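# Next one to model:
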Amino acid sequence: MSHITLAHGNGGRLMRQLIEEVFRAELGHSALDTQVDAASLPAMNGELMMSVDSFTVNPLEFPGGNIGSLAIHGTVNDLAVSGAIPHFLSLSAIIEEGLELATLQRIIHSMAKAARAAGVQIVCGDTKVVPRGEGSGVYLTTTGIGVRHKNLHLGLRQIKDGDRILVSGPIGDHGAAVMLAREQFGLKGDLQSDADNVLALCRSLYDLTGLRFMRDPTRGGLATVLHEIQHATGLGIRIRQANIPIHETVQSVCEILGYDPLFLACEGRVVAVVGQSQADEALARWHELENGREARIIGSITSTLPLVVLETDLGGERILPELEDDPLPRIC
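Numbering: from 1, shown residues only. Next comes the predicted model:
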């Protein structure tokens, strides 16, 4: 049988076969036990952190990844930017009737590879099949559990006037890559998504006393993270356009289609707020990492004007608006 049928979700032989021959076969390196309804986790020291996220993307496979690796990266990254070392994940898969088994195999294989790279184990899961036309191939939901050191305190409330804002690499690659993969605008290119886990980037800063806050700029991109900071703190933000790393291909796609790269999703970047005295040290640490070599300090927190202000390449200033509508079709 080469495609998913409704019988794959009925709890019988085909469902058992699907779980064992696809999910268990690919994820068997972990502590996943497909014969129990609840997973047993070892006790751990520190503050237990938990995160949940759901994933839908069109197309399911795109340059630089697919929905499987995206699901692992997304949940691992949410824990990492919160200061937690991820340990365990759960997986819920809602599969549409008619999906090719070969496609599902590639997705789960990619998921297993991403989990190994992040050092996490998928320990429990659930599978459902919905009728043809009631899904987008496959939806994935992952829940992650990690441990944060009891002395590590991160959050929007920690941010202070004068703090510096860093971004770990070029922005907008994921959003632009998915758009190009759809070929719906008559555009093609070889741009790769930035989808990756950011655990190494985050861990490299955990011991800095000046580390205030981290976030991965997914839906809504860099600009949305900046507005989140502004609203939560009541402080202003000033960023320099010249300091924001953007690949030329991303900039070109945005100019052609009328999008702003500041609002495009990233799936392998970190925005960090660090005290002024340690900002250069944080940047240097990122530059030592493979996925942090293009990191930049892009701006600062200020108490003078409670707005997000962009200093343009031409020497002017403009207020960066908050996202009101979806900037493009959903990509994550």
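
# okay, CA-based contacts and neighbour counts for the rest of this
Fine.

# pretty sure residue 262 is in a helix, no?
Yes - under DSSP: H, G, I helix; E, B strand; the rest coil, residue 262 falls within a helix.

# can you give me the helices in this protein?
13-18, 25-27, 67-80, 101-118, 173-182, 199-203, 221-233, 248-257, 279-287 (DSSP state H).

# among these, which is nearest residue 55?
helix 67-80 (6.2 Å; Cα to Cα).

# what ranges of this structure fall below the confidence cut-off?
Where the chain drops to pLDDT under 70, the residues are 7, 9-12, 15-16, 28-43, 183-186, 188-189, 324-332.

# Could you pick out the longest strand of it?
Of all the elements of type strand in the chain, the one with the most residues (DSSP state E) is strand 84-96.

# So what touches that one?
4, 49, 76, 79-80, 119-149, 199 (Cα atoms under 8 Å, 6 or more residues apart in numbering).

# again, but for stretch 302-321
Residues contacting stretch 302-321 (Cα under 8 Å, 6+ apart): 161-163, 223, 226-227, 230, 234-242.

# Would you mark the buried spots in it?
By neighbour count on 16 or more other Cα atoms under 10 Å, the buried set for stretch 302-321 is 302, 306, 307, 308, 309, 310, 311, 320.

# Over to stretch 44-60?
By 16+ other Cα under 10 Å, the buried positions in stretch 44-60 come out as 48, 49, 50, 51, 52, 54, 55, 56, 57, 58, 60.

# just the CA coordinates of it, formatted as CSV?
Extracted in CSV, the C-alpha atoms of stretch 44-60 (Å, rounded to 0.1, in the frame of the first residue of the first chain):
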residue,chain,number,x,y,z
MET,A,44,15.6,15.9,37.2
ASN,A,45,17.1,18.8,39.2
GLY,A,46,16.2,22.3,38.4
GLU,A,47,13.0,24.1,37.1
LEU,A,48,10.9,22.0,34.8
MET,A,49,9.8,23.8,31.7
MET,A,50,7.1,22.7,29.2
SER,A,51,6.2,23.9,25.8
VAL,A,52,3.7,22.9,23.1
ASP,A,53,3.4,23.9,19.4
SER,A,54,1.5,22.8,16.3
PHE,A,55,2.9,22.8,12.8
THR,A,56,1.3,23.2,9.4
VAL,A,57,3.2,24.2,6.3
ASN,A,58,2.6,24.2,2.5
PRO,A,59,4.5,22.6,0.9
LEU,A,60,5.3,19.9,3.4
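
# Can you pull out the residues in contact with that stretch?
66-67, 70-71, 74-75, 78-79, 84, 136-150, 178, 181-182, 330-332.

# Can you say which of those are buried?
66-67, 70-71, 74-75, 78-79, 84, 136-148, 178, 181, 331-332.

# In this structure residue 289 contacts residue 203, no?
No - contact criterion Cα atoms under 8 Å: residue 289 and residue 203 do not qualify, at 11.2 Å.

# tell me, how many neighbours does residue 203 end up with?
Residue 203 has 14 neighbours, counted by other Cα atoms under 10 Å.

# Help me confirm that residue 283 comes into contact with residue 295.
Yes - using Cα under 8 Å, residue 283 makes contact with residue 295 at a distance of 6.7 Å.

# ok, those two, which is more surrounded?
residue 295 (25 against 21).

# what's the burial count for the residue nearest to the more buried one when sequence neighbours are not counted?
Nearest residue to residue 295, sequence neighbours excluded (Cα to Cα, 6 or more residues apart in numbering): residue 168, at 4.1 Å. Residues within reach of residue 168, counting by other Cα under 10 Å, total 26.

# Report the contact partners of residue 168.
For residue 168, the contact set (Cα under 8 Å, 6+ apart) comprises 201, 269, 270, 271, 286, 291, 292, 293, 294, 295, 296.

# cutoff 10 Å now
198, 201-202, 216, 245, 268-272, 283, 286-287, 289, 291-297 (Cα atoms under 10 Å, 6 or more residues apart in numbering).

# Verify the stated contact: residue 212 with residue 156.
Yes - under the criterion of Cα atoms under 10 Å, residue 212 makes contact with residue 156 at 7.3 Å.

# Same drill for these two, tell me which one is more crowded.
Counted by other Cα under 10 Å, residue 212 and residue 156 do not tie: residue 212 has more neighbours, with 22 against 16.
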